[in-house]
Every structure is written in structure tokens, then in C-alpha cells.
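>>> no sequence for this one, just the structure:
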Ligand code: EPZ
């Protein structure tokens with residue numbers, strides 16, 4: 001176990017190059033098993049969830065090499081199509097290998113995935129959609145045995161909710177189907193388009209990704225490709241929130257302002273100035289930020305649930321009161337009780353959190369419970385006076401490259417009291 005130790009206040013200013021998107025690279029790595037050759041994936045973030053994906057790929061028989069943000073995956077030989085429980089439990093995205101393995105090998109044997117605890121996170125939509133495609137799935141005491149008799153036949157699938165992961169699994173499983181699969185009410189997140197673009201670069205025929213109707217025409221064969229992952233929009237928002245919370249002037253390089261422009265009004269309402277030019281974004285924060293009107297999380301292009309925690313931390317020291325409504329996950333306010341330990345005034349009632357801005361926050365020993373919650377605690381630690389110790393650094397490192405953050409943030413081994 002490791003802690004994040006922050007000596008605050010510490011302004012988030014200067015220039016930072018934004019890492020590649022976690023929620024793109026994870027499904028893309030699952031997709032790489034389809035290539036039957038060597039894929040070169042650029043702008044790959046060096047984070048724990050990528051390390052877990054590499055472990056899974058190596059377990060399946062692939063050869064991998066990771067150097068300077070470039071990950072090479074050779075999937076010429078896949079010697080197994082099962083993933084052991086200890087790897088499945090490490091992250092939610094392990095379940096995306098299901099669609100890819102079915103498409104490559106005609107079957108898969110795995111267990112239920114782990115990941116951040118944000119309340120119940122069922123995979124019923126993944127499984128029922130794959131069943132509609134003709135995948136037979138047997139749940140034997142939590143072990144999922146999945147197989148197809150012949151090739152998957154293309155069909156129309158209407159998702160009951162635009163689940164990101166289920167959309168990815170259906171795209172992957174049907175990429176080699178007989179005929180055409182149409183997904184209605186598909187997730188529209190940019191990371192879905194990134195996955196489809198990667199697959200198309202290997203020879204897939206996928207149209208409409210980024211809209212709620214995606215058409216997948218099955219192909220017989222893929223070829224290896226070279227591909228660069230999009231910038232991480234949630235990391236960009238986290239860094240902007242860090243600058244806003246600490247009165248910083250920050251320049252983000254290699255970001256994509258188009259992917260996050262829908263949340264600019266929130267920063268502007270808080271009093272920040274934002275300028276963009278191509279892949280660069282500049283944010284100038286006032287000394288003291290203002291509260292904002294109600295923030296309601298929604299599927300893309302709405303306000304991202306992954307940005308809820310970092311923005312809450314940003315507003316903890318604002319002038320006025322802000323309200324958050326979390327509509328995607330049942331229990332995604334665990335960071336609130338930790339922010340309160342730093343002096344924040346937050347009241348949580350069900351899926352609503354009311355944040356009354358305070359004058360100052362003060363360092364304390366707190367605990368991260370999930371990835372974006374951990375990012376929120378880092379932002380609050382930067383904005384607090386004194387030393388903040390955040391237990392559970394591993395959550396943060398699952399999705400953030402620590403090298404992007406200022407030197408006042410350190411990772412230290414846990415010392416038992
Ligand atoms: C993806 O998770 C992201 N993860 C999450 O990011 C993100 O918060 C989420 O999408 C929503 O944007 C990755 O891309 C790796 P969902 P995913 O399926 O695919 C319910 C982060 O911090 N649901 O769209 O798991 C589910 O319980 C992470 O980077 C079902 O009921 O999200 C939730 O309430 C955390 N049955 C809602 O749908 C299902 O079969 C959205 O889930 C699937 C989902």
C-alpha cells in the first residue's frame with residue numbers, strides 16, 4: 001500500500017502534456033488480440049490499468065513491449081482464451097476482453113470483473129447483448145463460459161442504456177460476424193469512436209461510432225496497424241480543476257479541447273478564463289473561484305460522471321453553494337466524506353450533494369476509495385494548508401501518470417502507526 005503525500009498549498013501552474021486516454025487504451029488493448037500480428041499503439045499512458053491489461057495480454061500468449069508511451073502488442077499467437085479471476089478482479093475493463101476473445105477464438109472463459117466500487121456495477125447488458133448475437137453464456141458459480149457454435153450472426157441490438165462497456169463488447173464480438181450488426185442506443189463517448197477507429201485501421205468495417213447508431217459489417221480478417229490514442233479528456237478536466245482550485249495558470253499540451261468544450265461554461269461560471277488553440281488549452285484561474293449552478297452527470301455529451309469528483313473538490317473553496325446530481329452511478333460520492341475531513345462543507349442526500357464553499361481547507365489524513373475520488377482528494381490536498389496524506393495511492397495511479405503533477409505531490413510507502 002502507498003500513500004500520496006502533499007504539502008499544500010501548492011499551485012497547479014505551468015505546462016503539462018496530457019496523457020493518452022485510459023478509457024480508450026483499455027478497450028484498444030483488448031481489440032489488439034484480433035490483429036494476429038504486431039500492433040504499434042502510441043500515446044499509451046503509463047498507468048496501473050495499462051499494466052493490468054499487459055498482464056492479461058501476456059497471459060493470453062501475446063508478446064508485449066512498452067517503451068516511451070508506445071506499446072507494441074504481438075497477438076500472432078493466442079495460446080489461451082481464459083482469464084483467471086485474480087486478473088479479472090483488478091479492473092472493470094477486463095470484461096472487454098470477452099468480446100475480443102469471442103471474435104478471435106470463438107469463446108472465452110472468465111469471471112466477473114472488479115474495478116472501482118461505485119455501487120452495483122452489473123454486466124447484464126454486456127451478457128444479454130452478446131447472447132442476442134448468438135454467444136452461449138453459462139454462469140457456473142461465477143465462472144462465465146462463453147462460446148459460439150459457428151460465426152456470430154449479425155443482428156439488431158437495442159441497448160436498454162447506452163452503456164460504454166456493453167457498446168464496446170458488442171462492437172468487438174460482432175467485428176467478425178456474418179452479415180451486419182446494428183447497435184441502437186449505443187454509448188456516444190469519444191473513447192467508443194477511438195476504439196472503432198483503431199479497429200477500422202486494422203480492417204474492420206464500423207460506421208456511426210460517436211452516434212447512437214453504430215453499424216458493424218463483419219470482416220474475415222484483420223491486419224496489424226499503427227495507431228495513436230486520443231488525449232484523456234478526464235485527465236484534462238482534472239488538471240483544469242486543479243488549476244482552478246489553486247488559483248493557477250496552466251497550459252495543457254496535446255489535449256483535445258473539442259472533447260471537453262461542453263464543460264467550459266462551468267469553469268467560466270467559476271471565474272476562470274479559457275483559451276484554446278489546436279491541441280493546446282490555457283486556463284487562468286482567479287484567486288478565489290465562484291460556485292456554479294446545478295451539475296447533473298449524464299452520458300456523453302452530457303457532464304461526465306468521471307469529472308464529478310474533481311469538480312466537487314475544485315468548488316470546495318468557492319464563494320457560494322453548488323449542487324451535484326449523480327445520475328450514472330449509485331454510490332459515487334465517497335470522496336465527499338474525505339473532503340469534509342479537510343474542512344469542506346458538503347451534505348450528501350442520496351444522489352445529491354450540496355457543496356457550500358469554505359474559506360480554507362486544512363491538510364489531514366484521508367483515504368481514497370476510487371480513481372476519480374482519489375483525483376479529487378489530490379486537488380483538495382493541493383488547495384489545503386499543511387500536510388495531506390491520502391491512503392490508497394493505487395487508486396490514483398490506476399488512471400493518472402504521477403509525473404504530470406507538481407513536485408509537491410509524492411508517493412510514499414505506507415508506514416503502519
Ligand atoms: C465506463 O465504465 C468508464 N470506464 C467509466 O470510467 C465511466 O465512469 C463510465 O463508462 C460512464 O461514463 C471505462 O471506460 C474503462 P457503463 P462502464 O457501462 O463501461 C449501468 C473511470 O473513472 N450498467 O456505461 O463500466 C452501470 O451500473 C471509470 O475512468 C448496467 O446496469 O460504464 C452504471 O450505472 C469509472 N448493466 C451505468 O450503467 C450493464 O451491463 C453506466 O455504466 C452495464 C452498465
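Nice, thanks for sending it over. Model, not experiment: these values are computed from the prediction. Residues are numbered from 1 along each chain as shown.

>>> which residues touch stretch 133-142?
Residues outside stretch 133-142 that contact it (Cβ atoms under 8 Å, 6 or more residues apart in numbering): 102, 111-112, 127, 130-131, 144-149, 152-153, 155, 157, 170, 173-174, 177, 181. For every residue, glycine as well, the C-beta is placed using N, CA and C.

>>> near the ligand, which residues of the stretch 151-300 of the chain?
For the stretch 151-300 of the chain, the residues in contact with the ligand (Cβ under 6 Å from any ligand atom) are 161, 163-166, 187.

>>> out of those residues, who's the most crowded?
With neighbours taken as other Cβ atoms under 10 Å, the top of these is residue 166, carrying 27 neighbours.

>>> may I have the residues that are in contact with it?
123, 125-126, 129, 159, 187.

>>> which of the residues you listed lies closest to residue 17?
residue 187 (27.5 Å; Cβ to Cβ).

>>> roughly how far does that closest one sit from residue 233?
Distance of residue 187 to residue 233, given as Cβ to Cβ, to the nearest Å: 14 Å.

>>> quick one: the strands in the stretch 1-150 of the chain?
2-8, 14-17, 38-42, 63-67, 70-74, 107-111, 136-140, 143-147 (DSSP state E, counting those that start in this stretch).

>>> residue 405: which of the ones you listed is closest?
strand 14-17 (8.1 Å).

>>> okay, buried residues for the closest one please.
residue 16 (16 or more other Cβ atoms under 10 Å).

>>> now do that strand, average pLDDT.
Here strand 14-17 scores 96 as its mean pLDDT.

>>> got it, and stretch 407-417?
84.

>>> work out the gap between it and the centre of the chain.
Centroid separation for stretch 407-417 versus its chain: 25 Å, with Cα atoms, centre = their mean, to the nearest Å.

>>> buried set for that stretch?
Neighbour-count burial for stretch 407-417 flags residue 409 (criterion: 16+ other Cβ under 10 Å).

>>> quick one: the strands in the stretch 251-400 of the chain, in order.
For the stretch 251-400 of the chain, applying DSSP E, counting those that start in this stretch gives strands covering 273-277, 280-284, 295-296, 321-325, 345-349, 352-356, 361-362, 365-367, 384-391.

>>> using TSV, lay out those strands together with distance to residue 65.
Below are the strands of the stretch 251-400 of the chain laid out as TSV (distance: least, Cβ to Cβ, whole Å):
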stretch	distance to residue 65
strand 273-277	35
strand 280-284	31
strand 295-296	42
strand 321-325	42
strand 345-349	45
strand 352-356	44
strand 361-362	43
strand 365-367	36
strand 384-391	33
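
>>> can I get those in TSV with distance to residue 116, mean pLDDT and mean neighbour count?
Output for the strands of the stretch 251-400 of the chain, formatted as TSV (distance: least, Cβ to Cβ, whole Å; pLDDT from 0 to 100; neighbours: other Cβ atoms under 10 Å):
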stretch	distance to residue 116	mean pLDDT	mean neighbour count
strand 273-277	29	98	13
strand 280-284	26	98	19
strand 295-296	20	98	18
strand 321-325	18	98	19
strand 345-349	18	98	14
strand 352-356	18	98	19
strand 361-362	24	98	20
strand 365-367	14	98	18
strand 384-391	15	98	20
